[in-house]
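Chemist: can't give you the sequence, but here's the structure:
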Ligand code: NAP
């Protein structure tokens with residue numbers, strides 16, 4: 001049986017990379033999927049087209065998660081199209097590495113506005129739509145949040161903040177049947193990690209050398225775990241920070 005049949009799932013930042021894979025895997029398990037994007041409409045529409053061609057159900061919706069009005073519109077349009085959301089995946093995120101002396105106030109605010117405030121706004125909107133049956137939230141965090149790398153102070157701080165929200169909210173949601181967990185990916189080959197220069201870099205080689213499973217991750221590695229966490233198979237799991245990283249210990 002499909003693990004997410006009749007569920008409505010909103011995945012932020014699903015026009016490419018990890019978010020696109022999660023949207024695709026969720027739809028294959030029967031979820032009605034909202035493919036959110038900020039500016040890459042073409043990418044989001046391609047994801048929707050592939051899902052629909054495979055017999056799934058999906059729409060693309062624009063919305064910058066760091067903007068309160070966009071998030072409100074995104075959830076209203078989701079409700080209009082599919083009904084209230086059951087599953088939220090906070091995947092939209094940015095990652096830039098810079099030495100302390102080069103960290104700008106603007107970069108700080110960008111990271112915290114998208115990676116932290118964006119998730120917060122989406123969670124506020126989602127819990128308003130969750131019905132009596134509750135709901136599920138998955139925060140796509142990072143191994144870099146708990147084992148920061150040099151030059152990753154701002155990005156790592158934003159993901160540590162996201163994980164702190166996962167812990168706090170898992171307790172706050174007590175008695176409401178809302179499960180919330182973080183996935184902490186290691187280095188994953190995506191459009192973002194490629195254009196950021198991580199894939200093919202000396203840093204990637206170093207990280208893979210300290211990864212027991214001996215390779216860089218693929219978006220599907222994360223998506224399969226997201227399906228598990230969103231499904232009833234994970235019915236007794238909340239507040240967890242789950243590393244999906246090939247066992248990396250060299251961060
Ligand atoms: P990616 O390829 O760069 O894709 C990022 C996605 O986020 C895009 O769909 C982008 O949409 C969307 N996005 C960015 N800003 C947004 C905003 N303000 N509002 C809505 N959507 C926004 O990224 P990725 O590598 O797949 O990473 C996805 C998540 O995994 C991030 O949270 C990242 O921190 C985390 N992660 C990644 C890795 C890795 O190695 N790749 C490792 C650990 C954790 P547009 O294209 O429309 O801008």
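Modeler: Looks like it came in fine. Since the structure is predicted, the reported quantities are computational estimates derived from the model, not experimental observations. Numbering: from 1, shown residues only.
Chemist: how far out from the middle of the chain is stretch 116-134?
Modeler: 14 Å (Cα atoms, centre = their mean, to the nearest Å).
Chemist: Show me which residues of it are buried.
Modeler: Within stretch 116-134, the residues scored as buried using 16 or more other Cβ atoms under 10 Å are 116-123, 125-127, 129-130. From N, CA and C alone the C-beta is placed, and that goes for glycine too.
Chemist: residues in this protein within reach of the ligand, list them.
Modeler: Residues of the chain found near the ligand (Cβ under 6 Å from any ligand atom) are 12-19, 36-40, 43, 64-66, 91-95, 114, 118, 140, 142, 185, 187-188, 190-193.
Chemist: cutoff 5 Å now
Modeler: Within the chain, the positions near the ligand by Cβ under 5 Å from any ligand atom are 13, 15-18, 37-40, 64-66, 91-93, 95, 114, 140, 142, 185, 187-188, 190-193.
Chemist: and the helix or strand containing residue 136, what does it pack onto?
Modeler: Using DSSP states H and E, residue 136 maps to strand 135-140. For strand 135-140, the elements it packs on are strand 87-90, helix 118-129, helix 153-172, strand 178-185, helix 219-230, judged by 3 or more Cβ pairs under 8 Å, 6 or more residues apart in numbering; DSSP states H and E.
Chemist: Narrow the residues of the chain next to the ligand to those that are buried.
Modeler: Using 16+ other Cβ under 10 Å, the buried ones in the residues of the chain next to the ligand are 13, 15-18, 37-38, 40, 64-66, 91-93, 95, 114, 140, 142, 185, 187-188, 190-193.
Chemist: Now do the helices in the protein.
Modeler: In the chain, the helices defined using DSSP state H lie at 17-28, 41-53, 68-82, 105-111, 118-129, 143-146, 153-172, 191-195, 202-209, 219-230.
Chemist: how far off helix 219-230 does the first one point, in degrees?
Modeler: Comparing the axes of helix 17-28 and helix 219-230 via axes from the mean of the first three to the mean of the last three Cα atoms, to 10 degrees yields an angle of 50 degrees.
Chemist: in helix 17-28, what's buried?
Modeler: By 16+ other Cβ under 10 Å, the buried positions in helix 17-28 come out as 17-28.
Chemist: What lies in contact with it?
Modeler: Around helix 17-28, the neighbours that count as contacts under Cβ atoms under 8 Å, 6 or more residues apart in numbering are 4, 9, 11-14, 33, 35-36, 43, 47, 50-51, 54, 56-58, 87, 89, 91-92, 140, 185, 188, 190-193, 218-220, 222-224, 226-227, 230.
Chemist: Just the buried ones from those, in PyMOL syntax?
Modeler: Burial among the contacts of helix 17-28 is assessed by 16+ other Cβ under 10 Å; the matching PyMOL selection reads:
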select buried, resi 4+9+11+12+13+14+33+35+36+43+47+51+56+58+87+89+91+92+140+185+188+190+191+192+193+219+222+223+226+227+230
